[in-house]
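[1] Here is the input, now give the coordinates:
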Amino acid sequence: MTRLLPHPLLTPILAVIWLLLNNSINPGQIVLGLIFGWIIPVLTIQFWPEAVSIRKPFVLIRYTAILLFDIIMANFTVARLILGNPDKLQPVFIQLPLDLTSDLAISLLANSITLTPGTLSAQLSEDRRYLLVHALNETNPETLAATIKQRYERPLKEIFESC
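    Residues are numbered from 1 along each chain as shown. Presented below is the predicted three-dimensional model:
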């Protein structure tokens with residue numbers, strides 16, 4: 001069964017993304033979205049280094065909602081900063097210590113940071129214990145690190161790793 005449907009959660013997600021990109025819910029687009037949602041995981045199964053195991057699906061839903069909210073709010077914050085007085089920006093790099101160990105969870109954390117305007121994950125240390133993060137405007141690096149760990153890393157640990 002896993003060869004025919006390697007990532008059952010990914011199939012409907014890809015289908016929904018297809019429908020959103022096409023801005024259409026025509027029956028043909030739904031079928032095409034489902035075909036893409038099925039064929040992409042089948043063709044890319046060899047590139048997935050580990051089986052994805054979601055331990056707490058409701059935490060994943062909450063995490064997604066928090067991430068989307070943070071992305072929207074950060075867009076307004078960055079726009080205000082850039083349109084205001086960009087000379088007063090205080091960019092900073094921080095080394096974020098990681099509690100995550102799985103490649104997938106670390107990758108999702110790095111991508112979540114990068115997707116949120118005003119922050120960027122720049123580099124993962126060779127020992128995978130630190131993530132270098134750049135912030136566009138931050139006066140208190142410790143607060144930024146604590147916020148990232150609380151809002152993103154902790155839920156990802158609950159979702160993908162045993163706590």
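
[2] And the helices in this protein?
    10-22, 27-44, 57-83, 103-115, 141-148, 154-160 (DSSP state H).

[3] Now the second one: average pLDDT?
    Which is helix 27-44. Throughout helix 27-44, pLDDT has a mean value of 92.

[4] Phe160: what's it in contact with?
    For Phe160, the contact set (C-beta atoms under 8 Å, 6 or more residues apart in numbering) comprises Val52, Ser53, Ile54, Arg55, Leu100, Ser102, Leu104, Ala105, Leu108. The way it works is simple: take the backbone N, C-alpha and C, and place the C-beta from them, glycine included.

[5] let's see 7 Å
    Arg55, Ser102, Leu104, Ala105 (C-beta atoms under 7 Å, 6 or more residues apart in numbering).

[6] Could you find the closest non-adjacent residue to it?
    Leaving aside its chain neighbours, Phe160 sits nearest to Ala105 (4.3 Å; criterion: C-beta to C-beta, 6 or more residues apart in numbering).

[7] Quick check: can you list the domain ranges of the chain?
    10-47, 57-160 (automatic domain parsing).

[8] ranking those domains by burial, who's on top?
    Highest mean neighbour count among those (mean count of other C-beta atoms under 10 Å): domain 57-160, with a mean of 16.

[9] Quick one: distance of it to the chain centre.
    9 Å (C-alpha atoms, centre = their mean, to the nearest Å).

[10] Not counting stretch 23-34 itself, show me its contacts.
    With contact meaning C-beta under 7 Å, 6+ apart, stretch 23-34 is reached by Ala15, Trp18, Leu19, Asn22.
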